[in-house]
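**Q** got a sequence here, can you build the structure:
(chains A and B)
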Amino acid sequence: MQNELTPELFDKLARLGGITVTDEERDAVEKDLRALMRAAGRLAEAELPEMAEDDAAVCPLRPDVPAECADFSLHGEFAVERIIQ
Amino acid sequence: MNDITKRSVTEHALALRRGEYSARELTTEYLKVIKERDENIGAFLFVDEKGALADADRADEMLRAGEASPLCGIPYAAKDNIVTKGIPTTCASKILENYIPPYDATVITKLKGCGAVLLGKTNMDEFGMGSSTENSAFGLTRNPLDLTRSPGGSSGGSAAAVAAGMAAFALGSDTGGSVRQPAAFCGIFGMKPTYGAVSRYGLCALSPSLDQIGPLTSSARDGARVLSAICGGDRMDSTSVFRDWGDLTHVCGTDFSKMKIGVVRETLDGVSAEVQRAMNCALKTLDNMGCGIVEVSIPSYKYVFPAYKVICSAEASSNMGRYDGIRYGVARGGEQFFGTRELLGAEVKRRIMLGTFVLATENYEKYYLRAQKVKQLAARETDEALSFCDVIVSPAASTTAFPIGKAELSDGLYAGDVSCMAANLAGLPSLSVPCSAADCPLPAGMMLTGKKFSESTLFGLADVFTEAYHE
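**A** Residues are numbered from 1 along each chain as shown, chains lettered A, B, ... in the order given. So this is what the prediction gives:
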């Protein structure tokens, strides 16, 4: 996926995100999305110290649990509780 | 404002025990203030008058039976992203309009157990996405200190409710400063506890690796009381921590003159003149108290903003998948999924699109993985800074409350929240304490950040500092 926010990329992101952007909203969304992408771009260019990949994927208080497992378990509980009820 | 609603939680607790007034009388007073003031402020999305009075009657029974909890009979408000059984929970979004949860969040259950009285649900930026409470689908909230200004966000309704005397305390949620920045704008105390300190079961997730529920109160001691009641491990939230918390108020009023205070070099610039003056004044007070002031450096701060934006947008865009008209959300029209999601606001759409962008296979390593590395780096560097001092001090927001309509979604606005975001990335407890420049009518916030689980120290220092600051 390219980094410049072309009309094609904009439409693709909206489609993948499952949202429809109206003509009235489009200018404002484009402007802010460009600012956010610039900020994300600074991160891509950042010179970070060498770190093991594992370091980047742990829950802050539960180093034994991968972040995705720990963090997203909550969603399941939120949804399952509703079904049970 | 009615005099009775100016009192602190601690004062109410004493008065209720002495029989100066009942929980029903107290609740009636708060409901009266809500009726008088909220039309102009817009802090509440839903006021549960009937439920509050029923809660109050139960509290009166508990008090008569000698119930010991200091929160028994105390009226409070909860941010509208914390689920409440039988009471609408909308996250300030049209997509959840009329959604009534079938269960209570753990924090609500705990407060019910204490006998606290839920007055209603407060306004917020839609799904917590924003820092002005202007991104609510149901209208904005105004700052009670100046109605032309924002109360901050996303927990702006909760902060405004406490500052206006419409609730004795309130619950908010903080992903990158959403409790602390509104607390600073409204001149009250706001705590983002250690990651894992408070169960998030029943909190509608924005960014689960960063989200925490925290109290907004009119004093540090009140904050300690509320946090004591809601913190602790919960088997329904696998990230919550089981440990003995005890009473977090126990250090309030003790001697903090030997504390070493670290001022983060990277946060000294880039704040408004009013905030700079307020911070100087606050640091002078800490110095007069006998605390040692040292300068510390956290170089990764320069990457905190983009890392936060990437992590938050990525997780938020994943979370929003459940609002599809089948699991959650109103089913609309022939094209169910897209028809339903048309109800999402512009800021939510922006974050979904950015999240989709950074999570794309070819971008994942470049953005999301690097953001996770910055998160770990920020945690390490902050831990290192905290080895030279007991508490880190920084501004809770780079400006005082901005005028309504001026919260443009620019790099500048987000940059002001960097020190708040850093505490979320590092998972550390962080408390916004009101302070102000002598010539500025609006308050600023001094933020105290400590080691993991040092909440009682932060509340204790804030308590002593506030007393010294007003002398």
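**Q** how near is the residue minimising distance to the centre of chain B to A:Leu5?
**A** In chain B, the centroid-proximal residue (C-alpha atoms, centre = their mean) is B:Val179; its distance is 2.1 Å. Distance, B:Val179 to A:Leu5, using C-beta to C-beta, to the nearest Å: 32 Å. For glycine as for every other residue, the C-beta is placed from the backbone atoms N, C-alpha and C.
**Q** helices of chain A, start to end?
**A** Assigned by DSSP state H, chain A shows helices spanning A:7-17, A:23-45, A:67-84.
**Q** hmm, the first one in reach of chain B?
**A** Just to be clear, that refers to helix A:7-17. Yes - using C-beta under 8 Å from any C-beta of the partner chain, helix A:7-17 reaches chain B at A:10, A:13-14, A:16-17.
**Q** that helix packs against which elements?
**A** helix A:23-45, helix B:346-358 (3 or more C-beta pairs under 8 Å, 6 or more residues apart in numbering or on different chains; DSSP states H and E).
**Q** would you mind listing where chain A has pLDDT under the threshold?
**A** By pLDDT under 70, the low-scoring segments of chain A are A:1-3, A:50-85.
**Q** what of the stretch 251-400 of chain B?
**A** B:333-334.
**Q** all helices for it, in order.
**A** B:273-288, B:301-319, B:336-341, B:346-358, B:361-364, B:370-385 (DSSP state H, counting those that start in this stretch).
**Q** buried residues in the first one, which are they?
**A** The neighbour-count criterion (16 or more other C-beta atoms under 10 Å in any protein chain shown) identifies B:274-279, B:281-283, B:285-286 as the buried residues of helix B:273-288.
**Q** then the shortest one?
**A** Within helix B:361-364, the residues that qualify as buried by neighbour count (16+ other C-beta under 10 Å) are B:Asn363.
**Q** circling back to that earlier point, next, format the residues of helix A:7-17 next to chain B as a markdown table and append neighbour count.
**A** Listed next are the residues of helix A:7-17 next to chain B as a markdown table, based on neighbours: other C-beta atoms under 10 Å in any protein chain shown:
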| residue | neighbour count |
| --- | --- |
| A:Phe10 | 17 |
| A:Leu13 | 24 |
| A:Ala14 | 19 |
| A:Leu16 | 17 |
| A:Gly17 | 24 |
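**Q** name the nearest of those relative to A:Glu47.
**A** A:Leu13 (28.0 Å; C-beta to C-beta).
**Q** any idea how far B:Ala168 is from the closest one?
**A** 44 Å.
**Q** hang on, the earlier thing: can you lay out the helices and strands packed on helix A:7-17 as TSV showing mean neighbour count and distance to B:Asp57?
**A** Formatted as TSV, those follow (neighbours: other C-beta atoms under 10 Å in any protein chain shown; distance: least, C-beta to C-beta, whole Å):
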stretch	mean neighbour count	distance to B:Asp57
helix A:23-45	16	47
helix B:346-358	25	39
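**Q** can you say which of the ones you listed is nearest to B:Lys366?
**A** helix A:23-45 (4.6 Å).
**Q** by contact count, what packs against that closest one?
**A** Identification of packing neighbours for helix A:23-45 by 3+ C-beta pairs under 8 Å, 6+ apart yields helix A:7-17, helix B:301-319, helix B:346-358, helix B:370-385, helix B:411-415.
**Q** make a markdown table from the ones you listed and add distance to A:Met37 to it.
**A** A markdown table is the format used below for those (distance: least, C-beta to C-beta, whole Å):
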| stretch | distance to A:Met37 |
| --- | --- |
| helix A:7-17 | 10 |
| helix B:301-319 | 10 |
| helix B:346-358 | 7 |
| helix B:370-385 | 14 |
| helix B:411-415 | 11 |
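**Q** just so I know, which of those lies nearest B:Lys110?
**A** Per C-beta to C-beta, nearest to B:Lys110 of these: helix B:301-319, 24.0 Å.
**Q** just tell me which of the helices and strands packed on helix A:23-45 ends up closest to B:Phe337.
**A** helix A:7-17 (11.4 Å).
**Q** who touches that closest one?
**A** With C-beta atoms under 8 Å, 6 or more residues apart in numbering or on different chains as the test, helix A:7-17 has contacts from A:1-2, A:20-21, A:26, A:30, A:33, B:317, B:320, B:349, B:352-353, B:355-357.
**Q** which ones are touching the residue nearest to the centre of chain B?
**A** So, once contact is read as C-beta under 8 Å, 6+ apart, B:Val179 ends up touching B:155, B:158-159, B:172-173, B:190-192, B:214-216, B:432.
**Q** same deal with B:Ala163?
**A** By C-beta under 8 Å, 6+ apart, the neighbours of B:Ala163 are B:143-145, B:151, B:186-188, B:218.
**Q** the spatially closest residue to B:Asp174 that is not a sequence neighbour: how many residues sit nearby?
**A** Nearest non-adjacent residue to B:Asp174, counting by C-beta to C-beta, 6 or more residues apart in numbering or on different chains: B:Lys192, 4.0 Å away. B:Lys192 has 35 neighbouring residues, counting by other C-beta atoms under 10 Å in any protein chain shown.
**Q** re the thing from before, and the contacts of B:Ala163 as TSV, adding secondary structure and pLDDT?
**A** Output for these, formatted as TSV (DSSP: H, G, I helix; E, B strand; the rest coil; pLDDT from 0 to 100):
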residue	secondary structure	pLDDT
B:Asn143	strand	98
B:Pro144	coil	98
B:Leu145	coil	98
B:Pro151	coil	97
B:Cys186	helix	98
B:Gly187	coil	98
B:Ile188	coil	98
B:Ser218	coil	97
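**Q** out of the residues you listed, which is nearest to chain A?
**A** B:Pro151 (21.9 Å; C-beta to the nearest C-beta).
**Q** need the contact list for the closest one.
**A** Contacts for B:Pro151 (C-beta under 8 Å, 6+ apart) come out as B:43, B:133, B:141-144, B:157, B:159-160, B:163, B:182, B:185-186, B:401.
**Q** which one (most neighbours) among these?
**A** For these, neighbours tallied by other C-beta under 10 Å; top is B:Pro182, 39 neighbours.
**Q** may I have the helix or strand where that one lies as CSV, with CA atoms only?
**A** Take DSSP states H and E as the rule and B:Pro182 turns out to sit in helix B:180-186. Taking Å, rounded to 0.1, in the frame of the first residue of the first chain, the C-alpha atoms of helix B:180-186 are listed here in CSV:
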residue,chain,number,x,y,z
ARG,B,180,-6.2,14.1,33.1
GLN,B,181,-6.6,16.7,30.4
PRO,B,182,-10.3,17.4,31.2
ALA,B,183,-9.4,17.4,34.9
ALA,B,184,-6.8,20.1,34.2
PHE,B,185,-9.2,22.2,32.1
CYS,B,186,-11.9,22.0,34.7
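**Q** mind listing what's buried along the next helix or strand after that helix?
**A** The helix or strand immediately downstream of helix B:180-186 is strand B:189-192, counting by DSSP H and E. For strand B:189-192, a neighbour-count test (16+ other C-beta under 10 Å) marks B:189-192 as buried.
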